[in-house]
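Q: give the three-dimensional model of this entry:
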Amino acid sequence: MIVDVHWHLWVAMEKHPSTRAASAKTEELGGERIAGFDIGLVPDWEKREQDLVRWLDEDGVDVACLVLAEYGLILNDNIFSVDGENRIQAEIMRRHPDRLLSFFGIDPRRPESADMFERYLRNGDAKGLKLHPTAGFFPHDRSAYPLYELCVEYDVPVLYHCGPMRAPFYGRFARPMEFDDVAADFPDLNIILGHAGEDLWEETVSVARMKPNMYVDFSYWQPALRFEDEWVRAVARMRDVMGVERLLFGSDHPGMTRIANFPLGDWLNVWRDLPALGKKYGHKFTADEVDGILGDNAARLLKLPQR
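A: This next block holds a predicted model:
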């Protein structure tokens, strides 16, 4: 079973025009197409719904989590309202309940954040929470605590961006150590550190080894393969210290796979080949461990039926 815990409905430039100039620095900007995406005044969510299902089928992914990154308070150029974008994701999940799971996303500093999240949970429209601290808040900001209480009450996980972030976002808010307070204050809350802290992964290990409610996903780890030996060592270290059951597959699709030109199928194959790759650098990985990372661990966490 393949479960990708880190997909997005949109890349930032599709829903935030102010981010397009930065994207255009490395891609040809023609007004309608940036880095392989058709850019219109308002993204076509029903076309993207069709794309999502096609991508799942093409690459053999059974289930993907749509995690909504809310940047509205820092970028101030939202095409969608927060409620509107979350409703789109919820509708896609209703249409494909066995394939696409919606993680409600909001900036917890919004006064209505907890009330809105509870409404989605109560209606069955959210299977988790996504927070992006680099928008300017620490994960242990008390504005987020009512959201964590709801996660515990409804038994759903929270997934964060964890690690550095490009301008105008603030990476210091998402250093791995900043999540320690949350894990301590909410020991029954399942926490997924998206991107595993990226190149701060050793700090992630030092925090997560003492907090058994912390998981990591490996989305946006594709660029680290340039340093193949270090990549393998990092995965092996997290496996050995945290336990393989807390390691989750993620891709950051479609941004990572489309903009960075790293096809999702190729990323899956990297993990399927992990036993051979590990052996090359003196680390042993079993087929069962690979199966766990690619989907079985996430299926247990998300309480999905085994296939």
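Q: what segments of the chain are strands?
A: Assigned by DSSP state E, the strands in the chain fall at 3-7, 33-34, 37-38, 63-67, 100-105, 128-131, 158-161, 191-194, 214-217, 247-248.
Q: what helices or strands is the fourth one leaning on?
A: The contact analysis (3 or more C-beta pairs under 8 Å, 6 or more residues apart in numbering; DSSP states H and E) places strand 63-67 against strand 3-7, helix 45-59, helix 82-95, strand 100-105, strand 128-131, helix 297-302. Just so you know, the C-beta spots here come from the backbone N, C-alpha and C atoms, and that holds for glycine as well.
Q: again, only using 6 Å
A: When contacts are defined as 3 or more C-beta pairs under 6 Å, 6 or more residues apart in numbering; DSSP states H and E, strand 63-67 packs onto strand 3-7, strand 100-105.
Q: let's have these in a markdown table, adding mean pLDDT, distance to Val53 and mean neighbour count.
A: As requested, those are exported to a markdown table (pLDDT from 0 to 100; distance: least, C-beta to C-beta, whole Å; neighbours: other C-beta atoms under 10 Å):
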| stretch | mean pLDDT | distance to Val53 | mean neighbour count |
| --- | --- | --- | --- |
| strand 3-7 | 98 | 12 | 27 |
| strand 100-105 | 98 | 8 | 26 |
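Q: hmm, back to that, mean pLDDT lowest for which of the strands of the chain?
A: For these, mean pLDDT drops lowest on strand 33-34, to a mean of 46.
Q: would a markdown table of the strands of the chain with distance to Leu302 be doable?
A: Listed next are these as a markdown table, based on distance: least, C-beta to C-beta, whole Å:
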| stretch | distance to Leu302 |
| --- | --- |
| strand 3-7 | 7 |
| strand 33-34 | 33 |
| strand 37-38 | 28 |
| strand 63-67 | 8 |
| strand 100-105 | 7 |
| strand 128-131 | 8 |
| strand 158-161 | 11 |
| strand 191-194 | 10 |
| strand 214-217 | 11 |
| strand 247-248 | 10 |
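Q: quick one: which of the ones you listed is nearest Met116?
A: Closest to Met116 of the strands of the chain is strand 100-105 (C-beta to C-beta; 7.9 Å).
Q: now do the closest one and strand 63-67, the angle between them.
A: 20 degrees (axes from the mean of the first three to the mean of the last three C-alpha atoms, to 10 degrees).
Q: paired strands for strand 100-105, with orientation please.
A: With DSSP bridges as the test, strand 100-105 is paired with strand 63-67 (parallel), strand 128-131 (parallel).
Q: that strand: how far from the chain's middle?
A: 10 Å (C-alpha atoms, centre = their mean, to the nearest Å).
Q: equivalent analysis for stretch 299-307, please.
A: Per C-alpha atoms, centre = their mean, the centroid offset for stretch 299-307 relative to its chain is 17 Å.
Q: buried residues, that stretch. List them.
A: 299, 301-302, 304 (16 or more other C-beta atoms under 10 Å).
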